[in-house]
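S.K.: predicted model follows, preceded by the sequence.
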Amino acid sequence: MTEATGTAPRKRLLIRTWGCQMNVYDSARMADVLAPLGYAPTEAAEEADMVILNTCHIREKATEKVFSDLGRLREAKQAKGGDMVIAVAGCVAQAEGAEITARAPWVDIVLGPQSYHRLPEMVARASRAAGAVIETEFPPEDKFDHLPETTAPQGVTAFLTVQEGCDKFCSFCVVPYTRGSEYSRPAEAVIAEAKRLVALGAREITLLGQNVNAWHGEGPDGRAWTLGRLLRRLAEIPGLARLRYTTSHPRDMDDDLIAAHGDTPAIMPFLHLPVQSGSDRILKMMNRGHTADDYRRLVDRLRAARPDLALSTDIIAGHPGESDADHEATMALIRDTGFAQAFSFKYSARPGTPAATMAGQAAEEVKDSRLAEIQALLRDQQAEFNRSRGGMVVEVLVTGPGRHPGQMAGRTPWLQPVHFDGLANLAGRIVPVKILAGHPNSLSGAMAAPVNTEPRERPAA
Ligand code: SF4
């Protein structure tokens, strides 16, 4: 459907996003790229002129969901007389471009994560081409140099990609194949984008990268910077109150980054640090490059730098070759560390990865029962962590209205969602909230003091 706005035709764009925060960021950038062509967002497939499925290849289920979504989109496209551009983007597109066009020939565009800046040109080519337009090569030019500047506000909390790709080649992971080798955006470009996001209303920025703490580059002072230095510089931006970064690899937590957690209050005391397994044997098979005790020592050092640091992690249950003893070692590591949040999954083989062809693939019921045990423990730890905030007065960044009238929603320094009774129009403020109850996945509370007109955590300019 098109509608007139002045003389320019308006077209409707629907983007569906699966997977990680990087995909959420990429979807926003694809919308930025298409906006000059007249595409405005819609939530309804039946009125969309273009639909982009931004996909994730980490889990088999996610891939199958893409194909069932494509089946439904075929009907929507037919109902519009074929007047709909369907694009598949993201890691499934990168890894399975040929299969997509074979199984779903009504798809017009298949593009990998490195080609988003080429979308306008691909849309034009798709309107002329008989078959699908496919771009899954790693183009020679830097997509970040060709993407338009961010102009759409992301809100009070914003994502900013600083790093892409990965050279670690963990046995189970497709990222090095779908996103290519490690690449860091220049410090100047990151600082400029952070300033723009703050000007558009962001108070908290999460730096994104598949291996975000491998970020490195030349700083504006001509020196070699690593992530700790970049975070300290970003913390100086007036109005930017909070910084986070994800996802980190234990091997890339250098001394300066650990120290930054202690000396930079804007870095929030919450870190997602995947461990994957607590067994040294499995960690070796996974090619993680660290042992369980390396991880424990790293956590000790981080907590020494920032005593109120809470951790989140990723755990895989049932990697090929995993024995009962290996599983027990994972349980022990979870008990020893204590996580405030975690993502845990059953191992699922991804074609083309080393683990997919390893001997000793575990039976589904074994994986199911190990995952259930892991998740029960992690759930208890999360609930306990949330309960432990009860009675505390915490700084809450208000993100908007809550679910009920007269309620506001926000997030704590530890990334917990909070609902509290409060006045409207506090979005973007950091306010003291007394936590009255900790629930399994969130907190509830009440304003602890009259609202300040100035944000409490605003750093010095
Ligand atoms: S470090 Fe992370 S992104 Fe890289 S291969 Fe391992 S799991 Fe995948």
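M.R.: That came through, no problem. Numbering: from 1, shown residues only.
S.K.: sec struct for the closest residue to the ligand within the stretch 251-400 of the chain, please.
M.R.: Of all residues in the stretch 251-400 of the chain, residue 274 sits closest to the ligand, at 6.9 Å by C-beta to the nearest ligand atom. The way it works is simple: take the backbone N, C-alpha and C, and place the C-beta from them, glycine included. State at residue 274, reduced to three classes by DSSP: H, G, I helix; E, B strand; the rest coil: coil.
S.K.: can you count the residues close to it?
M.R.: For residue 274, the neighbour count with other C-beta atoms under 10 Å is 19.
S.K.: could you check the pLDDT of it?
M.R.: We have a pLDDT of 97 for residue 274.
S.K.: which residue packs closest to it, ignoring adjacent ones?
M.R.: residue 314 (3.7 Å; C-beta to C-beta, 6 or more residues apart in numbering).
S.K.: so that neighbour bridges to which residues?
M.R.: residue 343 (DSSP bridges).
S.K.: pLDDT weak spots in this protein?
M.R.: Residues of the chain meeting the criterion pLDDT under 70: 1-9, 60, 139-142, 423-424, 450-461.
S.K.: and the residue of the stretch 251-400 of the chain closest to the ligand, how far is that from residue 412?
M.R.: Computed as C-beta to C-beta, to the nearest Å, the residue 274 to residue 412 distance reads 22 Å.
S.K.: for residue 220, same thing?
M.R.: 33 Å.
S.K.: compare neighbour counts for these two and give me the winner.
M.R.: Between residue 220 and residue 412, counted using other C-beta under 10 Å, the more crowded position is residue 412 (24 against 11).
S.K.: for that one, what are its contacts?
M.R.: Residue 412 makes contact with 389, 394, 395, 396, 418, 443, according to C-beta atoms under 8 Å, 6 or more residues apart in numbering.
S.K.: switch the cut-off to 7 Å
M.R.: 394, 396, 418, 443 (C-beta atoms under 7 Å, 6 or more residues apart in numbering).
S.K.: equivalent analysis for residue 243, please.
M.R.: The neighbours of residue 243, taking C-beta under 7 Å, 6+ apart as the test, are 205, 231, 234, 235, 266, 267, 268.
S.K.: ok so, going back, of the contacts of residue 412, which belong to helices?
M.R.: Among the contacts of residue 412, no member falls in helices (DSSP state H).
S.K.: with neighbour count and distance to the ligand as extra columns, can I get the residues you listed in JSON lines?
M.R.: Formatted as JSON lines, the contacts of residue 412 follow (neighbours: other C-beta atoms under 10 Å; distance: C-beta to the nearest ligand atom, whole Å):
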{"residue": "394", "neighbour count": "20", "distance to the ligand": "31"}
{"residue": "396", "neighbour count": "29", "distance to the ligand": "31"}
{"residue": "418", "neighbour count": "23", "distance to the ligand": "30"}
{"residue": "443", "neighbour count": "26", "distance to the ligand": "30"}
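S.K.: between the contacts of residue 243, which sits nearest residue 374?
M.R.: For the contacts of residue 243, the minimum distance to residue 374 (C-beta to C-beta) is 25.7 Å, reached by residue 268.
S.K.: relative to residue 185, how far out is that closest one?
M.R.: From residue 268 to residue 185 the distance is 21 Å (C-beta to C-beta).
S.K.: quick one: which of the two has more around it?
M.R.: A direct count of neighbours by other C-beta under 10 Å for residue 268 and residue 185 places residue 268 higher, at 25 against 21.
S.K.: now do the contacts for the closest residue to that one other than its chain neighbours.
M.R.: Nearest non-adjacent residue to residue 268, counting by C-beta to C-beta, 6+ apart: residue 413, 4.8 Å away. Contacts for residue 413 (C-beta under 7 Å, 6+ apart) come out as 268, 269, 270, 394, 395.
S.K.: can you tell me which of those are in strands?
M.R.: Of these, the ones assigned to strands by DSSP state E are 270, 394, 395.
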